[in-house]
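1. Give me coordinates for this.
(chains A and B)
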Amino acid sequence: MSSNFQAPRGVSEYFPPRSATFLAARDAFAAAATRAGYAYLELPVFEETRLFARGVGESTDVVTKEMYTFEDRGGRSLTLRPEFTVGVLRSVLQHGLNKGELPVKVWATGPAFRYERAQKGRYRQFYQVDLEAIGSEDPAVDVETIALAWDFYRDLGLTRLSLHLNSLGCRECRPVYRAALQEFLRRLDLDEDTRKRVEINPLRVLDDKRPEVRAQLEDAPLVTDHLCGACKAHHDRVRELLADLSIPWIDDPRLVRGLDYYTRTTYEFDHPLLGAQSGIGGGGRYDGLSEDIGGPPLPGIGFGLGLDRTVLAMEAEEVAAVTAPTVDVYGVPLGEEAERKIFGLIAELRRSGVAADMSYDGKKLKGAMRGAGRSGAAYAVILGERDIAAGSAQVKDLASGDQVAVPLAELVTTLKERLAER
RNA sequence: GUGGGUGUAGCUCAGUUGGCAGAGCACCAGGUUGUGGUCCUGGGUGUCGGGGGUUCAAGUCCCCUCACUCACCCCA
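-> Numbering: from 1, shown residues only, chains lettered A, B, ... in the order given. Below is the predicted model:
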């Protein structure tokens, strides 16, 4: 037992070698977003509690029982973000980014927090990348976001994803559907919690996984049969454009998402090897959200992708490139004077762009050489008293075992030349 | 919040009807006073999750507790 302290319950954390996979995924996303013209946003991890209550929706589980809410010393009620979209929109509105060219295209990343019981792929502190296009109603923008996520996953080597697609309608047609669905659901044999949900948020009942509930839902009315003309046209266009990009999808009229703000296009990426938490990422359109939080009418679409689940999927598909940091040159000093010289040499190599490391703590040659082998270096630079006296160092090719003496003054250039030739 | 499973070395895990805490990998040291990755030799690095109980004796049996984990719920 190294310490009596443990991480708080239910959090995910990454340390070597898995942390390399996490970083690779996040870096890949940054590149993909940047390539598509999305700018980076660094946001606070907490916001006013009311923002999430209004934005995410008072009736959602996220708001009613999963938020990390606390009071600061000034008596303000603050909440650790349970998701990104609402905070992104708040920031865009606050700083007037929507006053310029539309859509505003931004992305963000970091931890989010929900107080839930942890299980595979679900943690109290979890990590997302988030991307939003705010200020456009064009279905092409919907598809741009989907394609970006899809290509991101594919670039990581994931091949077993499925894309589920639905439309939840708009302010015009959703209430009509909602009423029809409610009427249907009220006639079913359901437990008390679910009956309550029928009244508060009937769409979510469609998502129930319990077989006894599922069986009763077979003849439930579907959103897609109740879309108004505009929503239907939008939805059809999204599907046409997806087909143009050769992105396969599954029409899933039962796909509803847990956050109240979604309108029209909603989608989810599922991975079959993740266990119960198979949703690896999801998003959709939120054309009324800006007004919900007191802003101007401003449509938007975006997604959040779970980095924890992305890492799990990469591991499950065995595409997690777990690479320990490796260097090109490793310094092996023998004695104090040599350590000082090698220390300077390694710093100089790094400054000139060569990845380099060295042995510390006065290790004996054998131990230091072991370090050289583990470091993955192509060359070891060995310096002892005899070498210092001769004004040179031993440069050993660790793959072939060949070793030559190189004058100290020529070390950096010689090493750079040799590395360039490889 | 509700169920099930599991807690023994850094990791993966053995440990019989209760009888001196183990293996593999990893790590460290030596074989080699200045040469790694192979090989040989040696080293256990431990609050058996914690507390209480039964017993001559508890990793093992009983009670409580904590943690982890999977699932429900919910979602990333």
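
2. Next, the contact list for the residue in chain A that RNA strand B sits nearest to, please.
-> Per Cβ to the nearest atom of the strand, residue A:258 is where chain A lies closest to RNA strand B, at 1.3 Å. For the C-beta atoms, the positions are set from N, CA and C on the backbone; glycine is no exception. For residue A:258, the contact set (Cβ atoms under 8 Å, 6 or more residues apart in numbering) comprises A:60-62, A:204, A:207.

3. Most neighbours of all the residues you listed, which one?
-> Neighbour counts for the contacts of residue A:258 peak at residue A:60, which has 21 neighbours (criterion: other Cβ atoms under 10 Å).

4. so how far is residue A:75 from that one?
-> 26 Å (Cβ to Cβ, to the nearest Å).

5. hey, which helix or strand in chain A has the poorest pLDDT?
-> Using mean pLDDT, DSSP states H and E, helix A:211-216 stands out as the lowest-scoring helix or strand of chain A, at a mean of 78.

6. just checking, next helix/strand downstream of that one?
-> helix A:229-244 (DSSP states H and E).

7. List the neighbours of the very next helix or strand once past that next one that are in contact with it.
-> Counting by DSSP H and E, the next helix or strand C-terminal to helix A:229-244 is strand A:250-251. With Cβ under 8 Å, 6+ apart as the test, strand A:250-251 has contacts from A:162-166, A:224, A:239.

8. tell me the average confidence for strand A:250-251?
-> Averaging pLDDT along strand A:250-251 gives 95.

9. need the next SSE after it, C-terminal direction.
-> Heading C-terminal from strand A:250-251 (DSSP H and E), you reach strand A:263-270.

10. Against which helices or strands is that next one packed?
-> When contacts are defined as 3 or more Cβ pairs under 8 Å, 6 or more residues apart in numbering; DSSP states H and E, strand A:263-270 packs onto helix A:139-155, strand A:162-167, helix A:229-244, strand A:279-285, strand A:300-306.

11. Give me the mean pLDDT for it.
-> Rounded mean pLDDT across strand A:263-270 is 95.

12. before we move on, what about stretch A:100-108?
-> The model assigns stretch A:100-108 a mean pLDDT of 97.

13. Kindly report the same for stretch A:129-136.
-> On average, stretch A:129-136 scores 98.

14. Repeat that for stretch A:58-76.
-> Confidence over stretch A:58-76 (mean pLDDT, whole number) is 89.

15. Now do the buried residues in it.
-> Across stretch A:58-76, burial judged by 16 or more other Cβ atoms under 10 Å covers A:60-63, A:66-68.

16. a markdown table please, covering the residues you listed and showing distance to RNA strand B and secondary structure.
-> Below are these laid out as a markdown table (distance: Cβ to the nearest atom of the strand, whole Å; DSSP: H, G, I helix; E, B strand; the rest coil):
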| residue | distance to RNA strand B | secondary structure |
| --- | --- | --- |
| A:60 | 5 | coil |
| A:61 | 4 | helix |
| A:62 | 6 | helix |
| A:63 | 9 | helix |
| A:66 | 6 | coil |
| A:67 | 11 | coil |
| A:68 | 12 | strand |
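
17. Looking at the residues you listed, spot the one nearest residue A:284.
-> Checking the buried residues of stretch A:58-76 against residue A:284 by Cβ to Cβ gives residue A:60 as the nearest, at 14.3 Å.

18. Can you check the distance spanned by stretch A:76-85, start to finish?
-> Chord length of stretch A:76-85, first to last residue, is 22 Å (Cα to Cα, to the nearest Å).

19. Can you confirm whether it lies near RNA strand B?
-> Yes: Stretch A:76-85 reaches RNA strand B (Cβ under 7 Å from any atom of the strand) through residue A:83.

20. Which residues of the stretch 301-422 of chain A lie near RNA strand B?
-> Residues of the stretch 301-422 of chain A lying near RNA strand B (Cβ under 7 Å from any atom of the strand): A:304-306, A:308-309, A:334, A:363-367, A:369-370, A:372-374, A:380, A:382, A:384-387, A:394, A:396, A:398-399, A:401, A:403.

21. Can you give me the distance of residue A:199 to residue A:186?
-> Distance of residue A:199 to residue A:186, given as Cβ to Cβ: 9 Å.

22. Where do the strands of the stretch 251-400 of chain A begin and end?
-> A:263-270, A:279-285, A:300-306, A:329-333, A:356-358, A:379-383, A:392-397 (DSSP state E, counting those that start in this stretch).

23. Switch the ones you listed over to a markdown table; also include mean neighbour count.
-> Below are the strands of the stretch 251-400 of chain A laid out as a markdown table (neighbours: other Cβ atoms under 10 Å):
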| stretch | mean neighbour count |
| --- | --- |
| strand A:263-270 | 25 |
| strand A:279-285 | 24 |
| strand A:300-306 | 26 |
| strand A:329-333 | 28 |
| strand A:356-358 | 23 |
| strand A:379-383 | 25 |
| strand A:392-397 | 20 |
